[in-house]
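> any chance you can model this:
(chains A and B)
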Amino acid sequence: MSPLILVRGLRYRYDDGTAALNGVDFRLDTGETVALLGANGSGKTTFALHLNGLLSGEGTVEVCGVPVNPKNLAEVRRKIGLVFQDSESQLFMPTVLEDVAFGPLNHGLGPQKAAERAMAALQQVGMSAAAGKAPYHLSAGEKKRVAIAGILAVEPDILVLDEPTTFLDPPGQRALGQLLSALPQAKILITHDMQFARAMCSRAAFFKNGVIAEEGSVEQMARRYEWDFIAPRTT
Amino acid sequence: MHHVTLDRWSRGASALHRRDPRVKIAAVLVFLVVLATAHRELAWLGAAMFVILCIAARQARIPLAGVLARAGVVLPFTIVFAAVSWLAGDAARGAALVMKSYLSALAVLLLVSTTPLPVLLRGFEMTGAPRFLLMVAQFLYRYLFVISEEAQHMRKAAMARGATVGGMAGNAARFRAAAGALAVLFARSYGRAEEIHRAMLARSFPGYFRPLVELHFHPGDITFLVLGMLTPIALRVLIERVA
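Next up, the predicted model:
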């Protein structure tokens, strides 16, 4: 079976000379949900930005068999949806409906079809009642749902979510978990929330110094790298 | 974005809001030309046009006091030039400058307050305005809010750490701190603007905004176009004739 994402020898250096990725190899198969773990600055987000063609480094990145390069960006971005950590930055249109329809419109759908697609995506995330609202009137959890709807409206094959539980309260995290579990797409979750990763992901890749140091189950990674919060001892 | 008053006003449902942006643009353009080229009986003409704009604002259910106050944003600039004219011995010219600039601002404000920005820009695009210019306008509009939001965040953070709001006159340390904060504000806004742009690219932003509404002329638009273009011309001719 051909992989949904295949990355080989990906290297990237920022303009200031900082080496962010030092030869990443990665594979994502249909139906998988994979957690990307690792310290801040280890290269997880930089890696995710390459999958959508927002950054371009050395090495090869293929999404659904399509090489990620300037010629194929429109096709790649139809196949892979990127949900950013800060929903505030992702919601930039005056109303929720316009924001969710932004992607479909850019992919060539007419206004009516794009609006229908946006409404369907909003229904999928339980936010159809907010269609006419301004995004900045929503709670953090609602913003996250709308941001996900904006991606779902493009009907991608893969979802990449950067720190999806940030700013969410526990009920919001639960609701997000239920929503993501119900979505059929393959997913990559960049997260520090080990409880969320354990509940959602069948596999984890641990980033260290710009490479994937190890892959395995979330539990294995947590033990191997002591990647859980442990309450400090009080005397 | 806690202060998008104009955007909120533009989302109304009055007859003026429902008009096609192209006819509103044409009407405002004629209004501006008629006003700018007038040089006789300016007081009467100005008063008549002011009344028309107030009626339009009421009809559009826009708070009259709010829109009149916002149009005053041009006054600090024009009053300077008016003062120069007055000092040069041409007080009438100075008064005309203030009146014309205020009424022009009010007309443009009414246009912006009754047309959501993406629709307005689509209207401009369909009337032949350069797409690049329109994109710059849209980004400017969006990023002004980014700067404003960042400023609000920074203000809250400063207040939480004991900063007080006060004048800067005679206080060099405060002035230096404010200047530094301004630099940080722009750096943060730049970073935020980049994030937004990245999010737009991730959703295949082609370099211009495609609006969710399609523009169609309706019979009401034709009527508005005729009335909107003829009224200022007729008013001016009538006032100049009577005088």
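> low-confidence stretches in chain A?
Chain A contains residues with pLDDT under 70 at A:235.
> show me what from it comes close to chain B.
Residues of chain A found near chain B (Cβ under 8 Å from any Cβ of the partner chain) are A:49, A:52, A:54, A:73-74, A:77-78, A:81-82, A:84, A:86, A:89-90, A:92-95, A:97-98, A:101-103, A:105-107, A:110-112, A:114-115, A:134, A:136, A:150-151, A:154. In this view, the C-beta of every residue, glycine as well, is placed from N, C-alpha and C.
> list buried residues within those residues.
With burial judged by 16 or more other Cβ atoms under 10 Å in any protein chain shown, the buried subset of these is A:49, A:52, A:54, A:73, A:77-78, A:81-82, A:84, A:86, A:89-90, A:92-95, A:97-98, A:101-103, A:105-107, A:111, A:114-115, A:134, A:150-151, A:154.
> just checking, which of these belong to strands?
Judged by DSSP state E, those include A:G81, A:L82 as members of strands.
> next step: the buried ones among the residues of chain A next to chain B restricted to helices.
Residues of those located in helices (DSSP state H): A:49, A:73, A:77-78, A:89-90, A:97-98, A:101-103, A:105-106, A:111, A:114-115, A:150-151.
> and residue 56, what does it touch?
Just going to use chain A. By Cβ atoms under 8 Å, 6 or more residues apart in numbering or on different chains, the contact list for A:S56 reads A:H50, A:V68, A:N69, A:P70.
> the chain in question should be chain B.
When the contact criterion is Cβ under 8 Å, 6+ apart, the partners of B:A56 are B:L16, B:L110.
> can we see that at 10 Å?
B:S14, B:L16, B:A27, B:I62, B:V67, B:L106, B:A107, B:L110, B:L111, B:S113, B:T114, B:G228 (Cβ atoms under 10 Å, 6 or more residues apart in numbering or on different chains).
> wait, which of those is closest to B:V80?
Nearest to B:V80 among the contacts of B:A56, counting by Cβ to Cβ, is B:L106 at 19.5 Å.
> which bits of chain B sit near chain A?
By Cβ under 10 Å from any Cβ of the partner chain, the residues of chain B that approach chain A are B:1-2, B:4, B:7-8, B:10-11, B:116-118, B:142, B:145-146, B:149, B:191-215.
> make a PyMOL selection of whichever of the residues you listed turn out to be buried.
One line in PyMOL is enough to select the buried members of those, burial here meaning 16+ other Cβ under 10 Å:
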select buried, chain B and resi 1+4+7+10+11+116+117+118+142+145+146+149+192+193+195+196+197+198+199+200+201+202+203+204+205+209+210+211+212
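> now, the residues of chain B next to chain A that are in helices?
The members of these that map onto helices under DSSP H are B:7-8, B:10, B:117-118, B:142, B:145-146, B:149, B:191-202.
> what's near enough to touch the nearest residue to B:E195 once chain neighbours are set aside?
Among residues not flanking B:E195 along the chain, A:S89 sits closest, at 4.0 Å (Cβ to Cβ, 6 or more residues apart in numbering or on different chains). By Cβ under 10 Å, 6+ apart, A:S89 lies in contact with A:A147, B:V146, B:G191, B:R192, B:A193, B:E194, B:E195, B:I196, B:H197, B:R198, B:A199, B:M200.
> apply 7 Å and report the result again.
Contact analysis of A:S89 by Cβ atoms under 7 Å, 6 or more residues apart in numbering or on different chains lists B:R192, B:E195, B:I196, B:A199.
> which of those residues lies closest to B:V51?
B:V51 lies nearest to B:I196 out of these, by Cβ to Cβ, at 41.9 Å.
> test my guess that that closest one contacts A:F92.
Yes - with contact defined as Cβ atoms under 7 Å, B:I196 reaches A:F92; the gap is 5.4 Å.
> okay, now the unreliable bits of chain B?
Along chain B, segments meeting pLDDT under 70 span B:1-4, B:165-170.
> where do the helices of it begin and end?
Using DSSP H, the helices found in chain B span residues B:5-10, B:15-18, B:21-37, B:42-59, B:64-71, B:75-87, B:91-113, B:117-126, B:131-160, B:172-202, B:219-242.
> can you redo those helices as a markdown table with distance to A:D15?
As requested, those are exported to a markdown table (distance: least, Cβ to Cβ, whole Å):
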| stretch | distance to A:D15 |
| --- | --- |
| helix B:5-10 | 35 |
| helix B:15-18 | 46 |
| helix B:21-37 | 41 |
| helix B:42-59 | 50 |
| helix B:64-71 | 42 |
| helix B:75-87 | 40 |
| helix B:91-113 | 38 |
| helix B:117-126 | 33 |
| helix B:131-160 | 22 |
| helix B:172-202 | 13 |
| helix B:219-242 | 50 |
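> can you tell which of those is closest to A:L183?
Across the helices of chain B, closest to A:L183 is helix B:172-202 (Cβ to Cβ), at 17.9 Å.
> can you give me the offset of the closest one from its chain's centre?
On the basis of Cα atoms, centre = their mean, to the nearest Å, the separation between the geometric centre of helix B:172-202 and that of its chain is 24 Å.
> got the angle for it vs helix A:96-106?
Computed with axes from the mean of the first three to the mean of the last three Cα atoms, to 10 degrees, the direction of helix B:172-202 lies at 50 degrees from that of helix A:96-106.
> which secondary structure elements does helix B:172-202 contact?
helix A:87-90, helix B:131-160 (3 or more Cβ pairs under 7 Å, 6 or more residues apart in numbering or on different chains; DSSP states H and E).
> just name the most buried of those.
Comparing the helices and strands packed on helix B:172-202 on average neighbours per residue, with mean count of other Cβ atoms under 10 Å in any protein chain shown, the densest one is helix A:87-90 at a mean of 23.
> got the CA coordinates for it in PDB?
Extracted in PDB, the C-alpha atoms of helix A:87-90 (Å, rounded to 0.1, in the frame of the first residue of the first chain):
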ATOM      1  CA  SER A  87      -6.600  29.600  16.000                       C
ATOM      2  CA  GLU A  88      -6.600  33.400  16.300                       C
ATOM      3  CA  SER A  89      -4.200  33.500  13.400                       C
ATOM      4  CA  GLN A  90      -6.100  31.000  11.400                       C
END
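> and A:P156, that's in a helix?
No - applying DSSP: H, G, I helix; E, B strand; the rest coil, one finds A:P156 to be coil, outside a helix.
> for it, which residues are in contact?
A:P156 makes contact with A:R78, A:K79, A:I80, A:G81, A:Q185 under the criterion Cβ under 7 Å, 6+ apart.
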